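J.: build me a model:
(one chain, ligands or ions: 2)
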Amino acid sequence: MKTVKIVIAGPRGRMGQEAVKMVLETETFELVGVIDHRDHWRTVGEMDGLPASDAPVYTDLAFCLEKEAPDVLIDLTTPESGMFHTKTAIHYGVRPVVGTTGFSKEDLTELEELCSDREIGCIIAPNFAVGAILMMKFSQMAARYFTDVEIIELHHDRKLDAPSGTAVKTAEMISAVREPKKQGHQDEKETIPGARGADFDGMHIHSVRLPGLVAHQQVMFGSDGQSLTVRHDSYNRASFMSGVKLAVDTVMKMDSFVYGLENIIE
Ligand SMILES: NC(=O)C1=CN([C@@H]2O[C@H](COP(=O)(O)OP(=O)(O)OC[C@H]3O[C@@H](n4cnc5c(N)ncnc54)[C@H](O)[C@@H]3O)[C@@H](O)[C@H]2O)C=CC1
Ligand SMILES: O=C(O)C1=N[C@H](C(=O)O)C[C@H](O)C1
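T.: Ligands and ions are numbered 1, 2, ... in the order given. Below you'll find the predicted structure:
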């Protein structure tokens, strides 16, 4: 089987560290470089907490892509860096697999257009955990029968974006099958702004941030005399890695843009 040459952006982050380990442990993957924004380390092996590896550390993505000619860029950084990295990778004909969240609708449209111009595969996945994908799919299924729904996402307190990419994706999937409906009392008033959470087509998203949490979401549906809750919990970042692996293998066979792992998991 052909080896997939991979560059990872954000190798010292919580997700980046896990992704470096996964790539190094996967026989058909080769880590050919990482992108950090500090010009301090020569190789991945010199970075704290990362396994022994001679893969070089770059600070300039364009230079790295020219030098290493990878097949795939895995981005696990921040929305701003992630957008820049993804556009640069597409420009160099390197397929992006992006776990970074916090992109706007306009960002996603721009990336889709760039991929279409270059006829290049790209996967943007707000959540790589298979259980989270099922939670979103089950929620979409339930929304056909329950029009009233509240999404509660719970994350660690180091998270930059709110609502989470998963919560936004869940709301979008529910919206695709649900007539827009303003929930709660027509005359309800927030006595403290934000009390009812973010409004997405009339459904509400609540973001909880606490130390000790990893990544959790529950989608609560209610109707007369009954409720249904669909919940998913990621207890560690290893939970995302089989999805990253699948995305890398899949993007190698693609020549277009995909937003959401639910589109590649049957
Ligand atoms: N799709 C998924 O399944 C998951 C997505 N995420 C998302 O992944 C992203 C990263 O999450 P964490 O690892 O928890 O964050 P983190 O804060 O632990 O790691 C981000 C890393 O990116 C680095 N970074 C930022 N700008 C950079 C640049 N220009 N070049 C190179 N490195 C840069 C930072 O130094 C940091 O080490 C977030 O957007 C998060 O929402 C997190 C978990 C799962
Ligand atoms: O920042 C995180 O941790 C996570 N981010 C993603 C999101 O915003 O949905 C995926 C997962 O929830 C963990």
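J.: and this structure, which residues reach ligand 1?
T.: Counting by Cβ under 6 Å from any ligand atom, the residues of the chain close to ligand 1 are 9-10, 12-16, 35-37, 76-78, 81, 99-102, 125-128, 240. C-beta coordinates here come from the backbone N, C-alpha and C atoms, glycine included.
J.: which ones among these lie within helices?
T.: In helices, judged by DSSP state H, the following of these are found: 14-16, 81.
J.: from these, pick the one nearest D71.
T.: Nearest to D71 among these: G16, at 18.5 Å, using Cβ to Cβ.
J.: my guess is that closest one meets M22, correct?
T.: No: the criterion here is Cβ atoms under 8 Å, and G16 misses it with M22 at 10.6 Å.
J.: if we can go back for a sec, now the residues of the chain next to ligand 1: which count as buried?
T.: 9-10, 12-13, 15-16, 35-36, 76-78, 81, 99-102, 125-128, 240 (16 or more other Cβ atoms under 10 Å).
J.: just the ones in strands from these, please.
T.: Mapping these onto strands (DSSP state E) picks out 9, 35.
J.: picking up where we left off before, also near ligand 2: which of the residues of the chain next to ligand 1, exactly?
T.: 101, 126-127.
J.: and of the residues you listed, the nearest to ligand 2?
T.: Using Cβ to the nearest ligand atom, the shortest approach to ligand 2 within these belongs to T101, at 3.6 Å.
J.: now do the closest one, the pLDDT please.
T.: The confidence metric pLDDT takes the value 98 at T101.
J.: who's in contact with it?
T.: T101 sits next to 79, 126, 161, 164-166 when contact means Cβ atoms under 8 Å, 6 or more residues apart in numbering.
J.: skipping adjacent residues, who's closest to it in space?
T.: In this structure, T101 finds its nearest non-sequential neighbour in G165, 2.9 Å apart by Cβ to Cβ, 6 or more residues apart in numbering.
J.: surely the one you found touches G102?
T.: Yes: assessed by Cβ under 8 Å, G165 is found in contact with G102 at 6.7 Å.
J.: I figured A52 hits G45, correct?
T.: Yes: applying Cβ under 8 Å, one finds A52 in contact with G45, separated by 4.6 Å.
J.: between these two, who's got more neighbours?
T.: Comparing A52 with G45 by other Cβ atoms under 10 Å, the one with more neighbours is G45, at 13 against 9.
J.: gap between the more buried one and D54?
T.: 6 Å (Cβ to Cβ, to the nearest Å).
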